[in-house]
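*Asks:* Sequence first, predicted model second:
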Amino acid sequence: MARSLPLPRSPVVTLILIAPLRTATPAHRSGPSLLPVAKRIWLPGFGAALSSVGFGAIATFSSLLFAGHGRTPVWLAFSAYAASLIVARAAFGHLPDRLGGARVALWFVLIETLGLMLMWLAAGVVAATVGAVMTGFGYALVFPALGVEAIRLAPPESRGVAMGAYTACLDIALGVSGPVLGAIAGRTGLSSVFLASGVVVFATAFIAARLLRAIQH
């Protein structure tokens, strides 16, 4: 008959060791409220939402644009966008900390806007792909740069809540812009999606400029 294996004793030993320890009573404190924090960071959050419309346009409509114009491969624009975004964040992700979030957001949102406009005007695969690259390169730094401003405006004890409220602006932008851009595409064509997105994204430049003026004064 096979011998039964002995039960491991380590849990029993651990129980003996921790039994004499006194239970620590956590301090009960009310967590930071979302609404006051949201009021502090609404401006960079609104800028993040506007700039994220370009991301939504690329993710949802770039392949449809290529397919509609007979451009192949249809995945090229989104892949170029994603690759440029990764490269930009890896190479220049330090700039918001070094130069200031508002200043970096102002520069890079102009690049994102030009990329979307190029996709609107592109007559071929190469121009449209370059536009996607520029869009990804620009957006790569706009979102974290405005995030730096959101953290700067938030109280130190509420930075986690501030970051949650800030990143929620991306989700709201994608949820709202998808149906709106789809309606635009249905009425005026797929290319017009990138024109409309470029106009919306460009509005972020005014928010970044306002944040920059507030810092300088």
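*Replies:* All right, it came through fine.
*Asks:* Buried residues, the longest helix along the chain. List them.
*Replies:* Counting by DSSP state H, the longest helix found in the chain is helix 34-68. Using 16 or more other CB atoms under 10 Å as the burial criterion, the residues of helix 34-68 that qualify are 37-38, 40-41, 43-58, 60-63, 65-66. The way it works is simple: take the backbone N, C-alpha and C, and place the C-beta from them, glycine included.
*Asks:* Now for G124, how many residues are close by?
*Replies:* 9 (other CB atoms under 10 Å).
*Asks:* how near is it to L50?
*Replies:* 29 Å (CB to CB, to the nearest Å).
*Asks:* Check A162 too.
*Replies:* Counting by CB to CB - A162 and L50 are separated by 18 Å.
*Asks:* which helices and strands sit right next to the longest helix of the chain?
*Replies:* Helix 34-68 sits against helix 76-92, helix 101-121, helix 125-153, helix 159-188, helix 191-216, with contacts defined as 3 or more CB pairs under 8 Å, 6 or more residues apart in numbering; DSSP states H and E.
*Asks:* got the contact list for E112?
*Replies:* By CB atoms under 8 Å, 6 or more residues apart in numbering, the residues touching E112 are S51, G54, M134, T135, F137, G138, Y139, V142, V201.
*Asks:* So among these, which ones count as buried?
*Replies:* In these, the ones that pass as buried (16+ other CB under 10 Å) are S51, G54, M134, T135, F137, G138, Y139, V142, V201.
*Asks:* Low-confidence stretches in the chain?
*Replies:* Within the chain, the stretches with pLDDT under 70 are 1-32.
*Asks:* If we use 50, what do you get?
*Replies:* Applying pLDDT under 50 to the chain flags residues 1-9, 25-28.
*Asks:* Skip the chain neighbours and tell me the closest residue to the most centrally placed residue in it.
*Replies:* Nearest to the geometric centre of the chain sits F143, at 4.9 Å (CA atoms, centre = their mean). Leaving out its chain neighbours, the residue that sits closest to F143 by CB to CB, 6 or more residues apart in numbering is A48, at 5.7 Å.
*Asks:* What's the separation between that neighbour and A123?
*Replies:* 32 Å.
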